[in-house]
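Asks: Mind looking at a prediction? Sequence and model below.
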Amino acid sequence: MVLADLGKRINGAVNNALSNTEDDYTTTVDSMLKGIVTALLESDVNIALVSKVRSNIKSKLLSENNAANRSVSNGQTKKLIQKTVFDELCNLVDCEVKEPFTPKKKKSNVIMFVGLQGSGKTTSCTKLAVYYQKRGFKVGLVCADTFRAGAFDQLKQNAIKARIPFYGSYTETDPVKVVEEGITKFKKEKFEIIIVDTSGRHRQEEELFQEMIQISNVVKPNQTIMVLDASIGQAAEQQSKAFKDSSDFGAIILTKMDGHAKGGGAISAVAATHTPIIFIGTGEHIHDFEKFSPKSFVSKLLGIGDIESLFEQLQTVSNKEDTQATMENIQKGKFTLLDFKKQMQTMMKMGPISNIAQMIPGMSNMMSQVGEEETSQKMKKMVYVFDSMTKEELESDGRMFIEQPSRMVRVARGSGTSVLEVEMILMQQRMMANMAQNIGGAAAGASGQPGGM
Ligand code: GDP
């Protein structure tokens, strides 16, 4: 995933600092900050933002209250450092503006897409259409790109594949006219979400922006979304500002997060335009699309799993009763081995493994080390391990295995795995249970905290 390297390096900086117990607390914080700053800068994050992250972490960790009598070997100190870094990385991708728009049923909600050609606009229009269609909305797509030959064909092909009604023209050259006709048609037919894909290229940039303004005046969109390719590096900031000036978009979709780009430019663009990222594109397939939340993103970045996105995805594919039971458990701050087993089985139907693995603590590291095939084998083995547990064990929080290690030996033997493998699964379940506790706790009014780095 994009930024995977950044995540690894930040983790490295934190873990190195925490394992070096010879240094005093202030020296530890300073050396950790050096590592974090270098990692962020080398990932193309804007220098002003990096400096803000540095000073925020520093002032929090070295405030009189926090720095007094601190020892690095102390568990509380470790937690404080981890949580401060986690929170500050969340702030980096969180512009604090809430998503300005939620579509309403039985109304015509118009969403207009803007962005440069090649950013992934047409693909993301279709992905968003599918996202809402799955949630029970009647959705239509309008192609307003009359500039580029082939634009309508591309949208049409995507729409047909996804079974989304569409509107466009091969002969009309005025995009404003096409959009007017498309929106009128879909509104008459009581479509609830109408997504308008605009052009991303013109002979002159100025013409492109003028056209967007004209379309926007006619469309009067409820939401304008800019699509930004995560791999464009530092140019992202400038490009986003130019779009913001002409189309005043209220949300961003970041695409190509599955690639190996540095991604820091895109993060800087979010801060520069003060606009929230609402979805990320994680592949070329229609379902490679995830709702964005700063906490989930940073959790994945640091390889500590992301239970929130996992359940967002699971809800669309899994058996309703199973998911409901797990959701109820999470709301109570619980996550049993049985929850883990059911969700693991569902996940294996979801594919591709690489997208899912990032959401489970410890799995993304495994993916990067051993590859997709082996990770898939490991996931199968996990199911064998669950199958060798008793009902009582599955419905437990796993603590009985620590109290009676002979249970681990029995399960390992029964599933044809090793005790170490069983222990790993129990550890992952504990991390997810910790996150569930935080989510459940947050629902009850407590503040969220990472499950550990
Ligand atoms: P547009 O010109 O902005 O409409 O861009 P397209 O939707 O045609 O996308 C350009 C290319 O990027 C196509 O090959 C898409 O399949 C690809 N693409 C779009 N989104 C993603 C993504 O999230 N990940 C990857 N890997 N490719 C993407």
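Replies: That came through fine. Numbers count the residues shown, from 1 in each chain.
Asks: Now do the longest helix along the chain: which elements does it pack against?
Replies: Taking DSSP state H as the criterion, the chain has its longest helix at helix 419-443. Secondary-structure packing of helix 419-443 (3 or more Cβ pairs under 8 Å, 6 or more residues apart in numbering; DSSP states H and E): helix 307-317, helix 320-331, helix 337-350, helix 372-387, helix 399-403, helix 406-415. Backbone N, C-alpha and C define where each C-beta goes, glycine included.
Asks: Could you check how far the fourth one is from the centre of its chain?
Replies: On the basis of Cα atoms, centre = their mean, to the nearest Å, helix 372-387 is displaced by 24 Å from the centre of the chain it belongs to.
Asks: go on, the shortest one?
Replies: Averaging C-alpha positions (Cα atoms, centre = their mean) puts helix 399-403 33 Å from its chain's average.
Asks: What of stretch 248-262?
Replies: Counting by Cα atoms, centre = their mean, stretch 248-262 comes out at 10 Å from the chain centroid.
Asks: The closest residue to residue 126 other than its chain neighbours: how many residues sit nearby?
Replies: Once flanking residues are discounted, residue 126 sits nearest to residue 158: 4.1 Å by Cβ to Cβ, 6 or more residues apart in numbering. Look at residue 158: counted by other Cβ atoms under 10 Å, it has 21 neighbours.
Asks: Could you measure from residue 158 over to the ligand?
Replies: 8 Å (Cβ to the nearest ligand atom, to the nearest Å).
Asks: can you confirm that residue is in a helix?
Replies: Yes - counting by DSSP: H, G, I helix; E, B strand; the rest coil, residue 158 is found in a helix.
Asks: Contact partners for it?
Replies: For residue 158, the contact set (Cβ atoms under 8 Å, 6 or more residues apart in numbering) comprises 122-123, 125-126, 286.
Asks: want to throw those residues into TSV with neighbour count and distance to the ligand?
Replies: Shown next, in TSV, are the contacts of residue 158 (neighbours: other Cβ atoms under 10 Å; distance: Cβ to the nearest ligand atom, whole Å):
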residue	neighbour count	distance to the ligand
122	24	3
123	24	3
125	28	8
126	25	8
286	16	10
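Asks: Return the set of residues that bridge with the residue of the chain found nearest the ligand.
Replies: Distances between the chain and the ligand by Cβ to the nearest ligand atom are smallest at residue 281, namely 2.6 Å. Beta-bridge partners for residue 281, by DSSP bridges, are residue 289.
Asks: how is the chain carved up into domains?
Replies: 4-93, 109-299, 305-443 (automatic domain parsing).
Asks: Present the ones you listed as JSON lines; the columns should include distance to residue 101 and mean pLDDT.
Replies: Formatted as JSON lines, those follow (distance: least, Cβ to Cβ, whole Å; pLDDT from 0 to 100):
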{"stretch": "domain 4-93", "distance to residue 101": "20", "mean pLDDT": "84"}
{"stretch": "domain 109-299", "distance to residue 101": "4", "mean pLDDT": "89"}
{"stretch": "domain 305-443", "distance to residue 101": "18", "mean pLDDT": "76"}
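Asks: Deepest-packed of those domains, please.
Replies: domain 109-299 (a mean of 20; mean count of other Cβ atoms under 10 Å).
Asks: And that one, end to end?
Replies: Distance between the two ends of domain 109-299: 32 Å, counting by Cα to Cα, to the nearest Å.
Asks: What residues does the chain have near the ligand?
Replies: Within the chain, the residues that sit near the ligand (Cβ under 6 Å from any ligand atom) are 115, 117-123, 200, 255-256, 258-259, 281-284, 288.
Asks: Looking at those residues, which are in strands?
Replies: Among the residues of the chain next to the ligand, the members falling in strands (DSSP state E) are 255, 281.
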